[in-house]
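Trainee: sequence below, structure please.
(one chain, ligands or ions: 2)
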Amino acid sequence: MNVLSVTSEMFPLVKTGGLADVAGALPKAMSAHNIDMRTLLPGYPIVLERLAPPTKVTDIDIFGMECRLLSSDVNGLPLLVLDAPSLYSRPGGPYVDEHGRDFSDNWRRFSAISFAAASIAEGLTGGFWKPDLVHLHDWQTALTSVYLKYTFQSRIPTVLTIHNLAFQGKFGFEELENIALPEAAFGIDCLEYYGAASFLKGGIQTADVVTTVSPTYAREIVTHDLGMGMDGVLKSNKSKLKGIVNGIDVEVWDPSRDPCLISTFGPESPERRAGNRNYLMNLFDFSGRSGPLFAVVSRLTWQKGIDLLIDAVPHLVDSGGHLIVCGEGDRALQDGLRVLTKHYPENVAVSIGYNEGLAHLIHGGADFVIQPSRFEPCGLTQLYALRYGAIPLVSRTGGLSETIIDANDAANAMETATGIQFHPVTTTELEHAIDRAFDIFGQPTLMRRLQTHAMRSDFSWKYSADRYADLFRGLVSVSPKVLPLSDPRTTRQPSLVAPSPTSSIAARVSK
Ligand code: ADP
Ligand code: GLC
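Mentor: Ligands and ions are numbered 1, 2, ... in the order given. A predicted model of the protein is given here:
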């Protein structure tokens, strides 16, 4: 079976968050199911720079613009790239300019990639490769199923995965000029959403199946509290809504051979984490001090509860803990964290920016990783923390609630606990959870047991890839063929970009 995955980011080429990790890992996992998943990405400069030399598949006219569809691969994963310099060739990230402002033509940039995806699904690259199903991710590519239904009247099956309902791709109708959609698509049954157009709503209405990245979040988003205003639309599409929890790429995140670690280790040798912990303590000028090392690796946003963390830091420090934050995001939260480093220079350090290598090292050395999210569709950070033996301290919401087993008395007695959960998501409850972390830290046997269980938890893609494969097969009804052993997709490829080795981490850390 051939599946076209359409995404606005993909590790290791371009990443702002967990979507990239999922889009990069899922195709690898699907190849074990004899599913040939190719990924279509916008041709941002960073993508074009990092690609193996591409070949042109075809020219494509998108809204009157002459564009090219390129084919290449990364780490053995096949890619299609939409080369449209007037849309993508500019400084900044995938969604924002170099000053952090949304590009004003994001509606056109992501309509274009969706139009290209629909064209491929309809046979544009027919002689080269043709999908049997299209898998879409978030609002940026959700318009694909709208094009397929309204512009092409296509019957190819589509699956839309919602990674984060907070982002809905809302634009005024007056902005959306010339995007090759008929009038009917702008009505209440499709794009219209409170007087504007929502690309995500259009996708939800037109995709055959809508998934989100954990069963708990699938239940939460049909409620008023976490439905972000889209709960009514989701409720009326409930019969096609499913939750499939994310996995992690256990080759990219492998503490036994991670080049970003000072000291590699595994579940049988958690004591070797000390090398990474000592390195971090030195790097952030905490060396020679006792007390647990807490860390946060996160986008710095309201979703992630960073304001609650800031309020809880005095308690953490007064109790004798240390904290490293690696993240970037809202200016006010960045400033709030910087103020804390001035107040508590011996206990709090902040590395503002995106630093993949440091993220790996933190997971390999910190005692606890804190995630006080107000909502969390799945969350990958806590899964990386588990695999690297850093005990996750998380709010009980979304994917966090179903991937972490709280160290309550019953779970400790059964020896199944892997972390600490708290609820409701308030500073007071976060402080209580921090107290529990101190308590566990003060009991080395319990701490070691938790670490070992955490590291033995299996959050590889295996389980969830089975769910996706069943879903795709059900929609396409194609019987599986066996991959020949020599197929390159069955062999492991060396990893390409991604984490910078530890040598470059120090240079990028600021306090
Ligand atoms: P979200 O996608 O909502 O940001 P996830 O937990 O699913 O949350 O994924 C976040 C991903 O981004 C993880 O791979 C995490 O390691 C990474 N990440 C977040 N902030 C940073 C940062 N400042 N530097 C490096 N990696 C980061
Ligand atoms: C989103 C969510 C996060 C999830 C990630 C990958 O960014 O915020 O919880 O893990 O997508 O699905």
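Trainee: need the residues of this structure near ligand 2, please.
Mentor: Proximity of the chain to ligand 2 (CB under 6 Å from any ligand atom) is limited to residues 17-19, 22, 163-164, 213, 246, 376-380, 399. (C-beta placed from N, C-alpha, C; glycine too.)
Trainee: now pLDDT, neighbour count and secondary structure too, for these, in JSON lines please.
Mentor: As requested, the residues of the chain next to ligand 2 are exported to JSON lines (pLDDT from 0 to 100; neighbours: other CB atoms under 10 Å; DSSP: H, G, I helix; E, B strand; the rest coil):
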{"residue": "Gly17", "pLDDT": "95", "neighbour count": "16", "secondary structure": "coil"}
{"residue": "Gly18", "pLDDT": "97", "neighbour count": "24", "secondary structure": "helix"}
{"residue": "Leu19", "pLDDT": "98", "neighbour count": "26", "secondary structure": "helix"}
{"residue": "Val22", "pLDDT": "98", "neighbour count": "26", "secondary structure": "helix"}
{"residue": "His163", "pLDDT": "98", "neighbour count": "22", "secondary structure": "coil"}
{"residue": "Asn164", "pLDDT": "96", "neighbour count": "21", "secondary structure": "coil"}
{"residue": "Val213", "pLDDT": "98", "neighbour count": "27", "secondary structure": "coil"}
{"residue": "Asn246", "pLDDT": "98", "neighbour count": "24", "secondary structure": "coil"}
{"residue": "Glu376", "pLDDT": "98", "neighbour count": "30", "secondary structure": "coil"}
{"residue": "Pro377", "pLDDT": "98", "neighbour count": "30", "secondary structure": "coil"}
{"residue": "Cys378", "pLDDT": "98", "neighbour count": "26", "secondary structure": "coil"}
{"residue": "Gly379", "pLDDT": "98", "neighbour count": "30", "secondary structure": "coil"}
{"residue": "Leu380", "pLDDT": "98", "neighbour count": "25", "secondary structure": "coil"}
{"residue": "Gly399", "pLDDT": "98", "neighbour count": "27", "secondary structure": "helix"}
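Trainee: near ligand 1 too, which of those?
Mentor: Checking the residues of the chain next to ligand 2 against ligand 1 by CB under 6 Å from any ligand atom, the ones in range are 17-19, 378-380.
Trainee: hmm, back to that, which of the residues of the chain next to ligand 2 sits closest to Asp258?
Mentor: Comparing these against Asp258 with CB to CB places Leu380 closest, at 15.6 Å.
Trainee: spatially nearest residue to the closest one (excluding sequence neighbours)?
Mentor: Closest residue in space to Leu380, ignoring its immediate chain neighbours: Gly18 at 4.4 Å, by CB to CB, 6 or more residues apart in numbering.
Trainee: ok, so what distance separates Asp466 from Phe472?
Mentor: Between Asp466 and Phe472 the distance is 11 Å, computed by CB to CB, to the nearest Å.
Trainee: so which bits of the chain are right by ligand 1?
Mentor: 17-19, 21, 297-299, 326-328, 354-356, 359, 378-381.
Trainee: if we use 5 Å, what do you get?
Mentor: Counting by CB under 5 Å from any ligand atom, the chain comes close to ligand 1 at 17-18, 21, 297, 299, 326-327, 354-356, 359, 379-381.
Trainee: how many residues are close by the closest residue to ligand 2 within the stretch 401-511 of the chain?
Mentor: Relative to ligand 2, the nearest point of the stretch 401-511 of the chain is Thr403 (10.0 Å; CB to the nearest ligand atom). Neighbours of Thr403 under the rule other CB atoms under 10 Å: 24.
Trainee: and it, what does it touch?
Mentor: By CB atoms under 8 Å, 6 or more residues apart in numbering, the residues touching Thr403 are 214, 245, 378-379, 382-383, 386, 459.
Trainee: which two among those are spaced furthest apart?
Mentor: Most distant of these, by CB to CB, are Ser214 and Leu386, 14.9 Å apart.
Trainee: for Pro480, give me the pLDDT.
Mentor: According to the prediction, Pro480 has pLDDT 39.
Trainee: and for Thr341?
Mentor: Thr341 carries a pLDDT score of 98 in this model.
Trainee: helix, strand or coil for it?
Mentor: helix (DSSP: H, G, I helix; E, B strand; the rest coil).
Trainee: that one and Val348 touch, don't they?
Mentor: Yes: using CB atoms under 8 Å, Thr341 makes contact with Val348 at a distance of 5.1 Å.
Trainee: looking at those two, which is more packed in?
Mentor: Neighbour comparison, Thr341 and Val348: the larger count goes to Val348, with 26 against 18 (by other CB under 10 Å).
Trainee: leaving out chain neighbours, which residue sits closest to Gly24?
Mentor: Nearest to Gly24 is Phe11, by CB to CB, 6+ apart, at 3.6 Å.
Trainee: pull the contacting residues for the one you found.
Mentor: Contacts of Phe11 (CB under 8 Å, 6+ apart): 20-21, 23-25, 249, 252, 498.
Trainee: what's stretch 339-349 in contact with?
Mentor: The contact list for stretch 339-349 (CB under 8 Å, 6+ apart) reads 284-286, 289, 310, 313, 316-317, 321-325, 337, 350, 509, 511.
Trainee: and that stretch, what's buried?
Mentor: Neighbour-count burial for stretch 339-349, counted by 16 or more other CB atoms under 10 Å, picks out 340-341, 344, 347-349.
Trainee: from one end of that stretch to the other, what's the distance?
Mentor: Taking CA to CA, to the nearest Å, stretch 339-349 runs 10 Å from one end to the other.
Trainee: the nearest residue to Gln140 once chain neighbours are set aside - how many residues pack around it?
Mentor: Using CB to CB, 6+ apart and skipping the chain neighbours, the partner closest in space to Gln140 is Ser8 (3.9 Å). The criterion is other CB under 10 Å. On that basis, Ser8 has 23 neighbouring residues.
Trainee: surely Ser8 meets Thr141?
Mentor: Yes: counting by CB under 8 Å, Thr141 is a contact partner of Ser8 at 6.5 Å.
Trainee: anything in contact with each of these two?
Mentor: With CB under 8 Å, 6+ apart, Ser8 and Thr141 have common neighbours 110, 113.
Trainee: who's in contact with the residue nearest to Gln140?
Mentor: Counting by CB under 8 Å, 6+ apart, Ser8 has contacts 19, 41-42, 94-95, 110, 113, 137-138, 140-141.
Trainee: quick one: secondary structure of it?
Mentor: coil.
Trainee: name the helices or strands packed onto the strand or helix carrying Arg299?
Mentor: Remark: Arg299 resides in strand 293-300, with elements defined by DSSP states H and E. For strand 293-300, the contact count by 3 or more CB pairs under 8 Å, 6 or more residues apart in numbering; DSSP states H and E identifies helix 274-283, helix 306-318, strand 322-329, helix 331-343, helix 356-365, strand 368-371 as packing neighbours.
Trainee: do that again at 6 Å, thanks
Mentor: Judged by 3 or more CB pairs under 6 Å, 6 or more residues apart in numbering; DSSP states H and E, strand 293-300 is in contact with strand 322-329, helix 356-365, strand 368-371.
Trainee: all good on my end, thank you.
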